[in-house]
Structures are given as structure tokens and as C-alpha cells.
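Engineer: can't give you the sequence, but here's the structure:
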């Protein structure tokens, strides 16, 4: 992805965000309904800030900070109060950073002195707890890493700090990024317990970036960082009604992130809207050239987006996710067509072969990667030691006992084995061809599919019900994918997953912004105890 293309995209998106002046349609709907998060008083509203945390964007916040009507300290304090009031319902935030308000004070000084570092300066960010932080524990959800923090920040954290972002805290995750047991329960870790879906509390948040997605749905931070090997950004984003971007492989440094596979792992931004996602990606990837004070040079709103007219989108339906999801995809296609897009049905090839090859390859790669990572940390020094740790610590088996993936990885062929090398080469080639050939044959701008089914009930004994093939082609190919809210099935969010070719992140985010605007599918969670239940359970005006 060229630096200029992302900078141009961000300038256009920022212009649209700032030029509007009036509330967005979803903000107006929330105000008309008198609900910010489904409570009697708007949970997302923060009257003392003059913003609705559910709907405000980073450019709008930066405009307020620039004119002095908002401070990062006030914004950070509001998010900390929301975490204290709301997080007990969803259990998404493992810990807050005790220096968060000091970080915000430093940002306020930069805003007053004209030394703002970029669009994320003063913006509160939550990190998934498999991203190294030198001053906070980084556990991957495991008690084995619950001792001393790492010696250094992950490279992406260093970028966030250099950009002036406020590191608000760490989010819960599926332990070891869901690469431990054959039948895990997403959103559970021995360190953090079970994260719940804010829309319906007995439902699962999906994937390993579950805490990051659930925290954003509940408006506990402005943006969050997730990680993905296959689906762990885009599925939680879809299932929790937020935006999640899995970048092209290598665009964001994986240094200092607890690994599964160097061939597929990436961190990526998650937010409640595409503009915040794009701005965060710019910082994570080192392509931050959109300065909040440069609005005078931004393009006119009429040129901020090419919209959907003339775009060709291939719809991969995946009827295995259920009739209600398929009906939602039909309605989504109709709405995109009504905005001028051409939508054609496609089925990317080679999917059965990808499914057969991916897991064996990941086993070999995980053994190599986790041994190298554990060598940098206090605790078990390799995978064999980690397996023994789990056997001798009952708390590690309190939701599910299995560590079958660890045990299989321990005896998997090494990554020096010619058979493994041939398998990974075939796997990557077929994944790339599955996207490239589909897009070329149908002359597509992107392939679209459902990001997730409706959230299943969380059940430690049963485990997940998460056979979701839509994330695999882009994940294995190392190509970008983006989940944006598409609508609801029985009170539960479903995302639309968009994927494109290598380094087409800016193009995908631009298209995603147009899709987001057309579908306008976001609505705040109501924290229902169960589907069909009555009033939400979170107290009124939790932002105070």
C-alpha cells in the first residue's frame, strides 16, 4: 500500500467527518430514541464533554481539542468512568493503565503548545493482551505469563506512544488467541474469565480479539487493537457490531506480539467507524501524514468519496451460516445495488483444499514461533514447559480442560521439513489465487461475504460453534479484509466482510466507508440478558 494512497484516503474521510456539522443519521436516531446504549438515559452521552461517545469520530474529537472545547484528560476520564460502570457487565477490560490520565495531560500540553503529533494524539486506545507493553502485564490470557511485564513495548505500541495516543489499558482475549484447545470457548482466558457480548449477554463475542471488540461496542475506548491469524479481528468485529480491519501481511509490525504464525499473524485496528479505523492503521503502519490541524487543505466534501456507483462487488453468500444471515445478505446486496454498485454472486475456488492444509501448517509454525517468544519472557521457556504448566495449574482448566493444539504442535513436523514447506507454499498460492482469480474473472473491486453468524450462546462444556470460512482466503493469502456492520439477526449483529488484493488496504477502506455510509447498520447495544429478554441491565448514564 503506497503511503500517498492511504494519506489521500484519510484526508478525504476526515473532510467528510468534519464538514458534516450535523449529527450522523445514527446519532440522530439515538438521540430521538433517547438511548445511547439501550439504557433509560444515553449511556454513550457525556454531557460534560458535549459529545456522544457512541458516535463521535476522531476527527470530531481533534477539532474540539484544537479549539479548546475538549481536553484529552476529560475524554480519558469519561472512558475510565464508563469502564468502571459498564465493564462488570461484559468483562472486556483486563486492566486500565494507571498512567492514562498523565498521558492525557501530556497530550493536552501539546495541544495548547501547538505540538500535536498526529490524529491519535490524546485519543484513548485499548490493546489486546497479547501485545507487549513494558509497563503493563502481557499475558495472552495465560497464568503462565502473569508475572513480570515484557522488557519492551511491541513495535506497534511504540508507534502509538510516538503518535501521542493514550494507552488506556488491556483487553481480555481468548487464551493464547484460541490456539490451545480443540473445542475452546471464545472470549475466555484463565487470567480474565469470560467476556460477554454487549448486545445479548449470554452470547459469545467470537474470535480471540473478543475483549477489544466488546469494549468498543460498549464505547469503553475510542479505538482498540486486535490481532488475527484467521478471523480473530473480523469475526469479533462483526459479532459485536463494530469495524475491524485485518491489514495486508507485513503492513503492521508483528514484533512483540504473542505469535501463532509469521505467515499469517497481523495486528490491526478496530473502531466503531471506518474513519477511526483508517486513522489508526495510518499510525500502526507508519503512514501517519494526516495532521488534525491541516483541515484547511482537505478536499471539499463533494470529492471525499467516490461512493458505490460503478463499483463491482462479488457476493460470496455462505448459506451454511443460516437462512437468516443469507436473507440479510440479500437485503445488503439490494441496498448496495440501489446506491449504484454492481453486485454479482461468486464462489472463490480452492476452499476445501485451503481448509485441509491450513491447520497442519499452523501447528508447525506455532511450535517455532511460541518457543522463540517464550524465550523472551519469564515463565515456561518453551511449548513443552507450557503444556506442563497447564497440567499443574487447575485454574487453566476451569472452563475447558483441553490443550490438544499445544500437544499436536509439539509433535508437528518442524518448519525446516520439506513436506511442511511444500504444504505452506501450496496453501499460500491457492489462497492468493482464490481471491485474485475471482476478482479478475468478475472484474471486481472487492469480494463480500458474511463475517459471522449470529452469536451463539457461551458454553464452556460445548465450546464454540464457529465454523466461519469467510475469513480464511484473505488470512492465508496475507491480503487485507475489513468487517463493517451489515445488520442484525434476532438482536445480534452480523458484519459484512470485504476483501481485496495485496496492499489494497486504502482501496478497501475507501470502499468500506462507502458501504458503511450506505448500510448505516450500527446501533448501540442494549445489554439484554438473553434474546427476547426485557430491559437492559446496565445502570443509567454510566458515563458519569
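Structural biologist: Good, I have the coordinates. Since this is a predicted model, take the numbers as computed values, not measurements.
Engineer: now this structure, which segments are flagged as low pLDDT?
Structural biologist: 1-43, 45, 288-306, 532-544 (pLDDT under 70).
Engineer: mind redoing it with 50?
Structural biologist: Residues of the chain meeting the criterion pLDDT under 50: 19-42, 289-305, 533-544.
Engineer: How about the residue in it that sits furthest from its center?
Structural biologist: residue 418 (34.9 Å; Cα atoms, centre = their mean).
Engineer: just checking, residue 80 touches residue 96?
Structural biologist: Yes - under the criterion of Cβ atoms under 8 Å, residue 80 makes contact with residue 96 at 6.2 Å. The C-beta positions use only the backbone N, C-alpha and C, and glycine is treated the same way.
Engineer: Give me the common contacts of these two.
Structural biologist: residue 168 (Cβ atoms under 8 Å, 6 or more residues apart in numbering).
Engineer: Are we agreed that residue 438 is in a helix?
Structural biologist: Yes - with DSSP: H, G, I helix; E, B strand; the rest coil as the criterion, residue 438 is assigned to a helix.
Engineer: Run a quick check on it versus residue 447, I expect a contact.
Structural biologist: Yes - using Cβ under 8 Å, residue 438 and residue 447 qualify as a contacting pair, with a distance of 6.0 Å.
Engineer: which one of the two has more residues nearby?
Structural biologist: The neighbour comparison of residue 438 against residue 447 (other Cβ atoms under 10 Å) goes to residue 447, with 26 against 19.
Engineer: outside of the helix or strand that contains that one, which residues touch it?
Structural biologist: Assessed by DSSP states H and E, residue 447 sits inside strand 446-450. Identification of contacts with strand 446-450 by Cβ under 8 Å, 6+ apart yields 238, 311, 313-318, 321, 325, 328-329, 332, 343, 346, 348, 435, 438-439, 470, 473, 486, 494-500, 508, 511.
Engineer: mind redoing it with 6 Å?
Structural biologist: 313-316, 318, 321, 325, 329, 470, 496-500, 511 (Cβ atoms under 6 Å, 6 or more residues apart in numbering).
Engineer: Check which helices and strands the following helix or strand past that strand is in contact with.
Structural biologist: Later in the chain than strand 446-450, the nearest helix or strand by DSSP H and E is helix 472-477. Applying 3 or more Cβ pairs under 6 Å, 6 or more residues apart in numbering; DSSP states H and E, we find helix 472-477 packed against helix 418-442.
Engineer: What lies in contact with the helix it packs on?
Structural biologist: By Cβ under 6 Å, 6+ apart, helix 418-442 touches 314, 344, 346, 348-350, 353-354, 357, 361, 364, 413, 473, 476-477, 479.
Engineer: Just the buried ones from the contacts of strand 446-450, in PyMOL syntax?
Structural biologist: In PyMOL syntax, the buried subset of the contacts of strand 446-450 is picked out as below (16 or more other Cβ atoms under 10 Å):
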select buried, resi 313+314+315+316+318+321+325+329+470+496+497+498+499+500+511
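Engineer: Identify, from the contacts of strand 446-450, the entry nearest to residue 523.
Structural biologist: Comparing the contacts of strand 446-450 against residue 523 with Cβ to Cβ places residue 496 closest, at 15.4 Å.
Engineer: Which strand or helix spans the closest one?
Structural biologist: Using DSSP H and E, residue 496 falls in strand 492-499.
Engineer: rewinding a little: check the contacts of strand 446-450 against residue 462 and report the nearest one.
Structural biologist: residue 321 (18.3 Å).
Engineer: tell me the contacts of the closest one?
Structural biologist: Here residue 321 is in contact with 450, 453 (Cβ under 6 Å, 6+ apart).
Engineer: One more: residue 362?
Structural biologist: Counted by Cβ under 6 Å, 6+ apart, residue 362 has contacts residue 261.
Engineer: and whatever helix or strand it lives in, how far out from the chain's middle?
Structural biologist: Here residue 362, judged by DSSP H and E, is contained in helix 351-374. Distance, stretch centre to chain centre, for helix 351-374: 22 Å (Cα atoms, centre = their mean, to the nearest Å).
Engineer: One more: stretch 116-125?
Structural biologist: 19 Å.
Engineer: Ok, stretch 418-426 next?
Structural biologist: 30 Å.
Engineer: how about the strands in the stretch 201-350 of the chain?
Structural biologist: 223-228, 243-246, 266-271, 312-315, 342-345 (DSSP state E, counting those that start in this stretch).
Engineer: Show residues contacting the fourth one.
Structural biologist: By Cβ under 6 Å, 6+ apart, the surrounding residues in contact with strand 312-315 are 333, 341-346, 442-448.
Engineer: Most neighbours of all those residues, which one?
Structural biologist: Neighbour max across the contacts of strand 312-315 (other Cβ under 10 Å) = residue 448, 29 neighbours.
Engineer: neighbours of residue 394, just the number please.
Structural biologist: Residue 394: 10 neighbours (other Cβ under 10 Å).
Engineer: Please state the backbone phi and psi of it?
Structural biologist: Phi and psi for residue 394, reported as degrees, to the nearest 10, are phi -60, psi -30.
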